[in-house]
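J.: Here is my input, please return the structure:
(one chain, ligands or ions: 2)
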Amino acid sequence: MTITKGTTVTETAPTTGGVAISGLTLGFGRGEARKEILRGIDLVIPAGEITGLAGESGSGKTMTGLAVCGLLPAGADLGGSIRFDGTELIGLSQRRMNRYRGAKIAMIFQDPTASLHPMLTIEAQLIDHYRYHRGASKRAARTRALEMLGLVAVPDPRAALRKYPHQFSGGQLQRIAIASALMCEPSVLIADEPTTALDVTVQAGILRLLRRLCDELGIAIVLVTHDLGVMSALADTIAVMRMGEIVEHGDRHQVITAPQHPYTKSLIDALPETDTGSLLHDASGSETAA
Ligand SMILES: Nc1ncnc2c1ncn2[C@@H]1O[C@H](COP(=O)(O)OP(=O)(O)OP(=O)(O)O)[C@@H](O)[C@H]1O
Ligand SMILES: [Mg+2]
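T.: Numbers count the residues shown, from 1 in each chain. Ligands and ions are numbered 1, 2, ... in the order given. The predicted model follows:
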């Protein structure tokens, strides 16, 4: 299935536990100073799948993720529709959006320190976050935190809870950021360049972890990355963005081997020969290498 621009996929694809974006527009400013960032995006992000989001710098990948999480900067003028499990998110009050943000829909970033407070122990931030959303007891929250740290393969979760972010390596910190994102059982996880700041062996571990979380927990994952090689090894479908539009979206195999849009073709042609050879093979390396 290749969905090119202009084809609506929202009517056919399942959206239970996932997100259906249609006609999403985003702009900043007014009149002459108006800047259009997203120009009518249609994208279905199904549960239990990794949806890869590729495209040049400035094409709007991060803004799309932030829009889904309700985390856009002030002054953002958003139009169209973002439906999560049958609920329209655009236009929700801050109070209602807070029920989804960080709970049902979570986001992790390139720099894990962006998701974690430097002055708080891991325990404080994982637990406070959970208690805020769930109203759980401290004890129940701590149990959940230990469980999530174990799930993302952080060694010695009990000791980890007592530490501060600076006491971990980048790879371990990204695992902790993922654990934090998982605390409230999100249905949707947006991972914006989650491995770009990490070295190659650590990257493979984090990517395998994302695949496992998607498969085992049925989470809808959006994986934003510049690396088409990574995308083709890990994503189920690949959406290609350019200048605020999705120019192509389809099964990863089809997008890589038979791209429909000239821009996608140029991205694939620009890959080094060795990378093209490794496309469509699973990311190698141990999940716990970090
Ligand atoms: N606060 C803001 N106000 C206005 N425009 C912004 C703001 N933040 C980003 N932009 C613009 O939005 C556009 C899309 O940016 P976005 O960060 O989504 O791109 P991206 O595809 O994630 O790029 P990259 O691959 O470099 O991360 C860019 O033109 C950027 O300059
Ligand atoms: Mg970005």
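
J.: for the host helix or strand of Gly250, the distance to its chain's centre please.
T.: Element membership for Gly250 (DSSP states H and E) is strand 245-251. In terms of Cα atoms, centre = their mean, to the nearest Å, the centre of strand 245-251 is found 17 Å from the chain centre.

J.: likewise stretch 17-32?
T.: The answer for stretch 17-32 is 17 Å, by Cα atoms, centre = their mean.

J.: which parts of this structure sit against ligand 2?
T.: Residues of the chain found near ligand 2 (Cβ under 5 Å from the ion) are 61-62. Glycine gets a C-beta too; all of them are placed from N, C-alpha and C.

J.: so how far is Gly79 from the closest residue to Asp42 other than its chain neighbours?
T.: Here the nearest residue to Asp42 in space, its sequence neighbours aside, is Ser22; by Cβ to Cβ, 6 or more residues apart in numbering that works out to 5.0 Å. Distance of Ser22 to Gly79, given as Cβ to Cβ, to the nearest Å: 11 Å.

J.: Over to Ala159?
T.: Ala159 is 48 Å from Gly79, by Cβ to Cβ.

J.: Could you do Ala235 as well?
T.: With distances taken as Cβ to Cβ, Ala235 is found 27 Å from Gly79.

J.: ditto for Pro118
T.: Look at Pro118 and Gly79: by Cβ to Cβ, they are 37 Å apart.

J.: And these two? Which one has more around it.
T.: With neighbours defined as other Cβ atoms under 10 Å, Pro118 and Gly79 compare such that Gly79 has more, 13 against 8.

J.: where does that one fall, helix, sheet strand or coil?
T.: Put simply, Gly79 is strand when judged by DSSP: H, G, I helix; E, B strand; the rest coil.

J.: how much space between it and ligand 2?
T.: 21 Å (Cβ to the ion, to the nearest Å).

J.: check contacts around that residue.
T.: 23-26, 90 (Cβ atoms under 8 Å, 6 or more residues apart in numbering).

J.: swap in Arg242?
T.: 55-56, 59, 263.

J.: Looking at those, which is nearest Arg34?
T.: Checking those against Arg34 with Cβ to Cβ, the nearest one is Ser59 at 18.4 Å.

J.: Under the pLDDT cut-off, which ranges of the protein? List them.
T.: For the chain, applying pLDDT under 70 flags the ranges 1-15, 273-290.

J.: Recalculate using a threshold of 50.
T.: Within the chain, the set of residues satisfying pLDDT under 50 comprises 1-14, 276-277, 283-285, 289.

J.: Do you have the helices of it handy? List them.
T.: 61-69, 94-100, 122-134, 138-151, 157-162, 170-182, 200-217, 228-234, 252-257, 262-269, 273-278 (DSSP state H).

J.: Of those helices, which is nearest Ala114?
T.: Among these, helix 170-182 sits nearest to Ala114 (Cβ to Cβ), with 8.2 Å.

J.: The residue in the stretch 101-250 of the chain that ligand 2 sits nearest to bridge partners, please.
T.: Of all residues in the stretch 101-250 of the chain, Asp192 sits closest to ligand 2, at 5.9 Å by Cβ to the ion. In this entry, Asp192 is beta-bridged to Val224, by DSSP bridges.
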